[in-house]
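J.: sequence plus predicted model, see below.
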Amino acid sequence: MRLSRPARVTLGVITAIILVIVYVPLLVVLVNSFSTSTALTWPPPGFTLEWWGKAFQSAGALEAVLTSVQVAVISTIIALVLGTLISIALQRFEFFGRDAISLLVILPIALPGIITGIALNNFFRTIMGVPLSIWTVVIAHATFCIVTVFNNVIARLRRQGTNLEEASADLGAGIWTTFRLVTFPQLRSALLAGGLLAFALSFDEIIVTTFTAGSGVTTLPIFILNNMFRPNQAPIVSVIAVVLVLVSIIPIYIAQRLGKGEEVKR
Amino acid sequence: MTSAHVESRPRRTTARAGSAFLSTHPRTRLALLLAAPLFWLVIVYIVALALLLVTAFWSVDSFTGVITTEFTLDNIIEVVTGSLYQTVTLRTVGVALAVTIIDVVLALPIAFFMAKVATPRMQRVLLIMVLTPLWASYLVKAYAWRSVLSQDGILEWLLAPFGGHTPGYGLPATIITLSYLWLPYVILPIYAGLERVPDSLLEASGDLGGKTWPTLRLIVFPLILPAIIAGTIFSFSLSLGDYITVNIVGGTNQMLGNLVYTNVGAANNLPLASAIALIPIVIIFGYLFLVRRTGALDNL
């Protein structure tokens, strides 16, 4: 099969149109964050920096960012530890039930968030009698973040093989020394990639969060959702949205630097 | 590697003894590796899911609001026979199917262009452009479409000169927004699937006289079908459980997720909410069961 020139051009045009549609809504939010209209009017009747100033002085927004960072950092650390352990187990050992475990890791992200959310809500409140708090959010987030670390680490383990580890063992290094000096340095960039994805996933999560957050816990997504429908807050939400998109460029950049020929696995 | 101490004879420490024991006992090593993650996943997740199933058969005392742990089929019967639940289930499945079809139709040409037409440099740029929105917040994207679709929004402004109008907030807006949200999740597996189709197969088909369409239909399509199905699992499953997007752009429409959320929160009826949540669970597992033979699950 050889694609004719018109076919190639058509495909290119379709691709370009889809990408434009992907980016236009984000640009609209950018412009709206400078608009004098509070009702998402297009074209903007005028431009102002008022919302940007207000957003950065909003105590609620700053507190929400802090809460989200806390939740994301702790969940990511848990996910890094558990995800690494489970990928070593599944990659380096052959045993009964291996496929079931790998399905178990994927399940929290393959099932709709609402199911994970209500299952955990029910588990904490009805079964365990634990009141919802920031910790119930952390437990929920860590559970679905394991898979991002798992995907990245297991791909790396598969590629690097066991030669170096065997050499290290032959030279007399114990299991712990081999892990610390041989396996871990090779995993480092995979851990960074997986950890970044886990952090981003947790930072952004809203559905499971609404089911597992205590009444006093406001993560940034919850803050955005609460303020989106308030008429005078909409422009501030636009500002937060723009900042979030800009901040998200950092992990993309790091992932690309790490990537250089290898892909980051979601 | 940094400077490691070289010793003529290893010291006998407990760490060494443990290490020696572990290197000759792989099963113990495996057990230690698996203990913590399995404990977490089984206790936090599997037990929670199983208990969700159990809770669906309990009930709430309508006076005290306390959960009675006595077996009853009332919730299940209400969910299966209640017209509200039937309507909302059909609506939710309809939305999820529409979103999935739209995403596959959009993802196929863009993935094909990326994998088979674009130069390697172009390919990298396109991959970044497709991946970047994944990092942008879910709420930001839903909110962006709220702005685009609003009565005074950019879509109305663009379409008005041609006599068109924005669909406003409602089910079409929900379908558009959900398709937008999940598109990268569908593009990526299909792109990866197409990357694995060797160019030599396409050339062979061309040499044997295969025209473009027959080649796509008879050679490319069967090879990437598992990847397409993997993509549909994402868009279908994510749409089925969504209730935030429909809140933001769906007007007054409800999806299954809204019914679950209302019963957990305002109505404080966890058993009924659990029973409603079983609907998407059954549908998703049914779908996974249907497609498991195609090898799609390895493409997730």
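T.: That came through fine.

J.: contacting residues around the residue of the stretch 101-250 of chain B found nearest chain A?
T.: Nearest residue of the stretch 101-250 of chain B to chain A (Cβ to the nearest Cβ) works out as B:G241 at 2.1 Å. Quick note: C-beta positions are derived from backbone N, CA and C, even for glycine. B:G241 makes contact with A:L111, A:P112, A:G113, A:I114, A:I115, A:I207, B:L256, B:G257, B:P280 under the criterion Cβ atoms under 8 Å, 6 or more residues apart in numbering or on different chains.

J.: give me the subset of the residues you listed lying in helices.
T.: For the contacts of B:G241, the ones inside helices are A:G113, A:I114, A:I115, A:I207, B:L256, B:G257, B:P280, with DSSP state H as the criterion.

J.: so which of those residues is the closest to B:W58?
T.: Within the ones in helices among the contacts of B:G241, distances to B:W58 taken as Cβ to Cβ reach their minimum at A:I115, with 17.7 Å.

J.: from what I can see that closest one touches B:P280, true?
T.: Yes. At 6.3 Å, A:I115 counts as touching B:P280 under the criterion of Cβ atoms under 8 Å.

J.: which of those two has more neighbours?
T.: For A:I115 against B:P280, the residue with the higher neighbour count under other Cβ atoms under 10 Å in any protein chain shown is A:I115, and the figures read 28 against 25.

J.: which residues touch the more buried one?
T.: For A:I115, the contact set (Cβ under 8 Å, 6+ apart) comprises B:L49, B:L52, B:G241, B:A277, B:P280, B:I281.

J.: now do it, the pLDDT please.
T.: The pLDDT attached to A:I115 in the predicted structure is 88.

J.: do the one 4 residues further on as well
T.: Per-residue confidence for A:A119 comes out at a pLDDT of 91.

J.: touching, it and B:L51? I think so.
T.: Yes. In this structure, A:A119 is within contact of B:L51 by Cβ under 8 Å, at 7.5 Å.

J.: higher neighbour count, those two?
T.: Comparing A:A119 with B:L51 by neighbour count (other Cβ under 10 Å), the higher total belongs to A:A119, at 29 against 17.

J.: what's the spacing between that one and chain B?
T.: When Cβ to the nearest Cβ, to the nearest Å is applied, the distance between A:A119 and chain B equals 4 Å.

J.: just to be sure, that residue is in a helix?
T.: Yes. When classified by DSSP: H, G, I helix; E, B strand; the rest coil, A:A119 is found to be part of a helix.

J.: for the contacts of B:G241, give me a markdown table that also has distance to A:H141.
T.: Rendered in a markdown table, the data for those read as follows (distance: Cβ to Cβ, whole Å):
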| residue | distance to A:H141 |
| --- | --- |
| A:L111 | 15 |
| A:P112 | 16 |
| A:G113 | 11 |
| A:I114 | 15 |
| A:I115 | 16 |
| A:I207 | 12 |
| B:L256 | 23 |
| B:G257 | 19 |
| B:P280 | 21 |
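
J.: B:E156: which of those is nearest?
T.: Minimum distance to B:E156 across those is 28.2 Å, recorded for B:G257 (Cβ to Cβ).

J.: phi, psi of the residue nearest to the closest one when sequence neighbours are not counted?
T.: Sequence neighbours aside, B:Y243 is the residue nearest to B:G257 in space, at 2.8 Å (criterion: Cβ to Cβ, 6 or more residues apart in numbering or on different chains). Its backbone dihedrals place B:Y243 at phi -140, psi -10, with angles given as degrees, to the nearest 10.
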